[in-house]
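Novice: Requesting a structural model of the entry that follows:
(chains A and B)
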Number of protein chains: 2
Amino acid sequence: MCPQDIKIMQRILTGNDQIAAEVRASLAGKGIACINLMSSPGSGKTTLLQKTATKLNKGMFVIEGDIYTTLDSERLQSAGIGVYQINTGPFGGDCHLEAAWIRSALNEIDLAGIDFLFIENIGNLVCPAEFDIGAHKNIVVLSVTEGEDKPLKYPLAFRNAQLCLISKVDLLPYLDLNLNELKQNIKRINPQLMMIEISSIIEKGLDDWINFIMACRQNAPEG
Amino acid sequence: MCPQDIKIMQRILTGNDQIAAEVRASLAGKGIACINLMSSPGSGKTTLLQKTATKLNKGMFVIEGDIYTTLDSERLQSAGIGVYQINTGPFGGDCHLEAAWIRSALNEIDLAGIDFLFIENIGNLVCPAEFDIGAHKNIVVLSVTEGEDKPLKYPLAFRNAQLCLISKVDLLPYLDLNLNELKQNIKRINPQLMMIEISSIIEKGLDDWINFIMACRQNAPEG
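Specialist: Got it, this is the predicted structure:
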C-alpha cells in the first residue's frame, strides 16, 4: 500500500443513525420537541406521562413502545392523550426501539397541533440506550427502589441522557437507600447529567420536569 | 419433489442450546443443581442470595452476570459466598448471559463441595429469558414496585420459569398495587408457575424459597 493510501477512519452515519438524524431534523422542522424516556420496567414512566398531560398546557403525543400489550397506550388514551402503539412482539420481540420504527410511526401520525412528542421506550435499562431513535432529548428514569449502584452497572443509559429523573421518591422513607450515594454514582458516569427527584404520587418535582420540557422547545432542539 | 421427500421439521439443538444441554448434564453428573435468577435491575436478587447463604446449610456458589462492575460479587464475597464474575462489558456489553459464558466459567471454578450453583443473570427482564444457559431451574424475580402488568408485558421470562419470586413485599403497604391482579396476570401467562411472596428485609417467604431450592437437588435435576 502506498503512503498516499493512508486513510483516517471517520464516523459514517449509516443505517439506524442516518434514519435517526432524519427523524430528528424532520420533527425540528415542524417545531416539535421529541423526548425519549428510557428505564427499567416499572419505573413510573406511564404514570408520569399521565401526570405530565395534566400539567403541560401544550399539545403532546406519545409513541408507546412495548414488546407486547397495549396496556400503557390504553392508560394514556383514557387520560385523553394521543398515542401510537409500537409492539415489537410480532416482529421478533425486539428489546428496544430503533429509528426506523419511529420513522414508520410518524408516517401514520397526524402531528398537527403537537408541540411535544414523547417516546416511551421499552422497559429495559440496557438495550434502548444503544439506539439513537431521533429524539432531541434522552431521559433516563431510575426508581429509588432499584438501588444506588445502578448507574455504575448500566452506565450507557446515563451517559447518553441529558436528564435523569430519580423516580418514586415517595418511597424513600421505606427504603434503605442512600440518595446522596445514588447521585454521586450518577455524577461519576455523567458529570453533566441534570437530575430531578420526582414522584407522581406526592407530586414532587413535577414543576421542574415541566420546566425542563418547556425549555426543550424554547431552545432549538439539539441534534 | 417426490412424496418420499416430505420431511418433518424437528428442533435441532444447535449453538447455544447444545452448549446449554452439555452444561446442564455436566452439572447434574456432579450432583449440582443449577438455578438461574432473572429479573429487572434492582429486584433484590443479590440481597436474596446473601440471605440464602445464611439459611441454606449446603455448599453454594454464585456465577454473577453483569455488564459492568464487580459490585454484586464483592457483596457476595464479603458475605463469605464463593463467586465468579462474568462482565460482558469488555466483550460488547451483552445484555444477557449465554451458555458458552457459563461453560467457560465452569472450566475455571472449583466445584468441590458445591451442591447449588446460582447464576445471577444480568438485570434485564427481556433478553436473558431468550437464552437457555444450562440451568436446571429458571427463576423470575418480580418486585412489587414494578406493577401488576409486567407479566403481560414481558411474558417470556414468566413462560420459561419454574418459580416466580414476588419480591420486596415489605413495601406493599406503601404501594397502590393489587397483588391478586398481579398473581392473576402471572397465571394468565403461565398457569403452572409456582409463586412465593418474598422479602429479605422482613424475612418473609424465605423458608418456602429454601424448601424450593432443596427440592431442586432432591429431585433429579430436570433437563
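
Novice: Name the residues linked to the residue most central in space within chain A by a beta bridge.
Specialist: For chain A, the residue sitting closest to the mean C-alpha position, by CA atoms, centre = their mean, is residue A:37 at 1.9 Å. Beta-bridge pairing of residue A:37 under DSSP bridges involves residue A:120, residue A:139.

Novice: so how far is residue A:167 from it?
Specialist: 11 Å (CB to CB, to the nearest Å). Bear in mind the C-beta positions are built from the backbone N, C-alpha and C, glycine included.

Novice: List the contacts of the residue nearest to the centre of chain A.
Specialist: A:45, A:48-49, A:118-121, A:139, A:141 (CB atoms under 8 Å, 6 or more residues apart in numbering or on different chains).

Novice: Looking at these, which is nearest residue B:100?
Specialist: When the contacts of residue A:37 are compared for distance to residue B:100 (CB to CB), residue A:121 wins out at 29.1 Å.

Novice: from what I can see that closest one touches residue A:67, true?
Specialist: No - with contact defined as CB atoms under 8 Å, residue A:121 does not reach residue A:67; the gap is 11.3 Å.

Novice: Comparing those two, which residue is more hemmed in?
Specialist: Legend: neighbour count by other CB atoms under 10 Å in any protein chain shown for residue A:121 and residue A:67, higher for residue A:121 (28 against 24).

Novice: And the more buried one, how far from residue A:172?
Specialist: 25 Å.

Novice: correct me, but residue A:152 touches residue A:184?
Specialist: No - judged on CB under 8 Å, residue A:152 makes no contact with residue A:184 at a distance of 10.1 Å.

Novice: Wait, residue A:65 touches residue A:119, no?
Specialist: Yes - Residue A:65 is in contact with residue A:119 according to CB under 8 Å; the separation is 6.7 Å.

Novice: what do those two both touch?
Specialist: residue A:97.

Novice: quick revisit: mind listing the shared neighbours of residue A:37 and residue A:167?
Specialist: Jointly contacting residue A:37 and residue A:167 under the rule CB under 8 Å, 6+ apart are A:48, A:141.

Novice: tally of neighbours for the nearest residue to residue A:177 once chain neighbours are set aside?
Specialist: Distances taken as CB to CB, 6 or more residues apart in numbering or on different chains place residue A:144 nearest to residue A:177, at 5.5 Å, with adjacent residues excluded. For residue A:144, the neighbour count with other CB under 10 Å is 23.

Novice: any chance you could map the helices in chain A?
Specialist: A:15-29, A:45-55, A:71-78, A:99-106, A:150-153, A:155-159, A:179-189, A:206-218 (DSSP state H).

Novice: a markdown table for the ones you listed, including distance to residue B:61?
Specialist: Output for the helices of chain A, formatted as a markdown table (distance: least, CB to CB, whole Å):
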| stretch | distance to residue B:61 |
| --- | --- |
| helix A:15-29 | 40 |
| helix A:45-55 | 37 |
| helix A:71-78 | 39 |
| helix A:99-106 | 42 |
| helix A:150-153 | 21 |
| helix A:155-159 | 28 |
| helix A:179-189 | 28 |
| helix A:206-218 | 45 |
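
Novice: can you put those in a markdown table and add mean neighbour count, distance to chain B and mean pLDDT?
Specialist: Output for these, formatted as a markdown table (neighbours: other CB atoms under 10 Å in any protein chain shown; distance: least, CB to the nearest CB, whole Å; pLDDT from 0 to 100):
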| stretch | mean neighbour count | distance to chain B | mean pLDDT |
| --- | --- | --- | --- |
| helix A:15-29 | 16 | 16 | 95 |
| helix A:45-55 | 20 | 9 | 97 |
| helix A:71-78 | 18 | 5 | 95 |
| helix A:99-106 | 19 | 16 | 95 |
| helix A:150-153 | 22 | 5 | 97 |
| helix A:155-159 | 21 | 6 | 97 |
| helix A:179-189 | 16 | 10 | 98 |
| helix A:206-218 | 16 | 18 | 94 |
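
Novice: Out of the ones you listed, which is closest to residue B:93?
Specialist: Across these, the minimum distance to residue B:93, taken as CB to CB, is reached by helix A:155-159, at 7.3 Å.

Novice: contacting residues around the closest one?
Specialist: Outside helix A:155-159, the residues that touch it by CB under 8 Å, 6+ apart are A:38-39, A:125-126, A:128-130, A:140, A:151, A:164, A:186, A:189-190, A:193, B:68, B:93.

Novice: so how far is it from its chain's centroid?
Specialist: Centroid displacement of helix A:155-159 relative to its chain, using CA atoms, centre = their mean, to the nearest Å, is 12 Å.

Novice: Just the CA coordinates for that helix, please, in PDB.
Specialist: Extracted C-alpha coordinates of helix A:155-159, given in PDB (Å, rounded to 0.1, in the frame of the first residue of the first chain):
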ATOM      1  CA  PRO A 155     -23.800   3.300  32.500                       C
ATOM      2  CA  LEU A 156     -24.800   3.700  28.900                       C
ATOM      3  CA  ALA A 157     -28.300   4.900  29.600                       C
ATOM      4  CA  PHE A 158     -26.900   7.600  32.000                       C
ATOM      5  CA  ARG A 159     -24.000   8.500  29.700                       C
END
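
Novice: any idea how far residue A:20 is from residue A:215?
Specialist: Distance, residue A:215 to residue A:20, using CB to CB: 22 Å.

Novice: Ok, residue A:127 next?
Specialist: In terms of CB to CB, residue A:127 sits 15 Å off from residue A:20.

Novice: Hmm, residue A:102 is touching residue A:23, no?
Specialist: Yes - judged on CB under 8 Å, residue A:102 makes contact with residue A:23 at a distance of 5.3 Å.

Novice: Need the residues touching each of those two.
Specialist: A:133-134.

Novice: for residue A:202, what are its contacts?
Specialist: Neighbouring residues of residue A:202 by CB under 8 Å, 6+ apart: A:169-170.
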